[in-house]
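Trainee: fold the following and give me the result.
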Amino acid sequence: MKLSILDQAPRPSGIGAREALQESMKLAQLGEKWGYTRYWIAEHHDLAGLTCSAPEVMLGYIGAHTERIRLGSGAVLLPHYQPYKIAETFNLLATLFPDRMDVGIGRAPGGSAEAAIALSGNFLEHVRHMPGSLKELLHFIHHDFPSDHMFSKVAASPLPEVPPHVWLLGTSEKSARLAADNGIAYAFGHFMSEKDGPDIVNTYYQHFNPMGRLPQPNAIVAVSVICAETTEQAQQLALSEQMWKHQLAKGDGSNGIPSIEEAKDYFKGMEKGLHSGPQTVIGNPREVKEQLWNIQSLYQADEIMMVTITNCFKDRARSYELVAEEIFGG
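Mentor: Have a look, this model is predicted:
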């Protein structure tokens with residue numbers, strides 16, 4: 001099983017954004033040490049508790065402090081930007097860090113409606129044009145517009161020896177078909193979807209165009225995971241993210257990811273805490289390994305990408321370490 005990291009750059013309560021972003025860099029270094037295939041960092045805008053609004057900036061910082069692990073955006077939100085600018089940025093990163101760069105593309109707003117308007121004006125109109133924007137981005141990255149196209153003589157320079165690998169991220173059949181039609185890799189957000197994910201990913205496999213950018217389909221499934229030495233410890237750690245999500249749903253969460261103690265107090269008196277849902281894998285290493293194998297088998301995925309949010313960076317890093325030890329160690 002290939003394992004990778006999706007980092008949403010969470011900010012625990014009691015620390016600032018700078019420290020949270022430095023922890024993201026440390027996580028990429030540790031992921032490289034433990035044998036993870038790739039590290040992606042997400043884009044969010046004015047979303048309480050998450051600190052990365054510009055993955056491309058963090059990737060330059062992280063690339064300079066790592067050596068081998070593949071790096072990428074999970075995702076750059078294409079409707080906010082011109083394809084040419086994204087191609088220039090990631091070609092530059094791919095030039096600096098040869099054969100290590102992924103550009104994951106998404107279409108979500110990444111924040112509130114007001115933030116989306118501040119970024120790009122009529123966001124929904126840009127979403128409507130996304131299929132064409134994606135094709136344009138692919139042409140810029142591969143420098144292969146038809147000779148009669150108005151951009152045929154425009155290069156998204158510098159042009160790296162190995163172009164960044166393009167992934168489309170999504171949670172719907174529409175995104176799966178768009179990735180398949182263009183013959184590019186697809187990453188399904190299992191952790192943020194209650195739809196029939198395996199059917200959606202199967203749609204991608206069934207309709208994949210081998211005459212596109214890849215000779216064969218390649219799919220990642222992104223899963224929310226919290227692992228600890230014992231099941232009870234993992235369940236305790238999960239309370240922090242549950243409280244934070246509960247606060248976000250109520251329009252709060254500005255204090256960052258709460259501590260376990262804060263979460264216990266928050267849920268006190270409730271018959272149950274907030275149910276994590278089937279998208280979250282919580283348990284000891286053996287339990288997590290079994291659940292991840294089941295998810296991979298269900299999806300027939302090439303790779304599992306894990307997103308883990310806890311209050312304490314030590315616990316977050318340890319979760320990734322325990323999973324790596326359990327799966328790569330035998």
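
Trainee: now the strands for the stretch 201-330 of the chain?
Mentor: 219-227, 280-283, 303-307 (DSSP state E, counting those that start in this stretch).

Trainee: got JSON lines for those, with distance to residue 260, mean neighbour count and mean pLDDT too?
Mentor: Just so you know, the C-beta spots here come from the backbone N, C-alpha and C atoms, and that holds for glycine as well. JSON lines is the format used below for these (distance: least, C-beta to C-beta, whole Å; neighbours: other C-beta atoms under 10 Å; pLDDT from 0 to 100):
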{"stretch": "strand 219-227", "distance to residue 260": "12", "mean neighbour count": "26", "mean pLDDT": "98"}
{"stretch": "strand 280-283", "distance to residue 260": "14", "mean neighbour count": "22", "mean pLDDT": "96"}
{"stretch": "strand 303-307", "distance to residue 260": "19", "mean neighbour count": "24", "mean pLDDT": "98"}
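
Trainee: quick one: buried residues of stretch 73-90?
Mentor: 73-81, 83-84, 86-90 (16 or more other C-beta atoms under 10 Å).

Trainee: please state the offset of it from the chain centre?
Mentor: 15 Å (C-alpha atoms, centre = their mean, to the nearest Å).

Trainee: partner strands of the helix or strand containing residue 75 and their direction?
Mentor: Element membership for residue 75 (DSSP states H and E) is strand 70-77. With DSSP bridges as the test, strand 70-77 is paired with strand 38-41 (parallel), strand 101-106 (parallel).

Trainee: now the angle from the last one to strand 219-227?
Mentor: This means strand 101-106. With axes from the mean of the first three to the mean of the last three C-alpha atoms, to 10 degrees defining the directions, strand 101-106 sits at 90 degrees from strand 219-227.

Trainee: which stretches of the stretch 101-250 of the chain have low pLDDT?
Mentor: For the stretch 101-250 of the chain, applying pLDDT under 70 flags no range at all.

Trainee: any residues touching the strand holding residue 75, and which ones?
Mentor: By C-beta atoms under 8 Å, 6 or more residues apart in numbering, the surrounding residues in contact with strand 70-77 are 4, 6-7, 28, 37-43, 55-56, 59, 62-63, 86, 90, 93, 97, 100-110, 164-165, 167, 169, 187, 222, 305.

Trainee: right, I'll leave it there.
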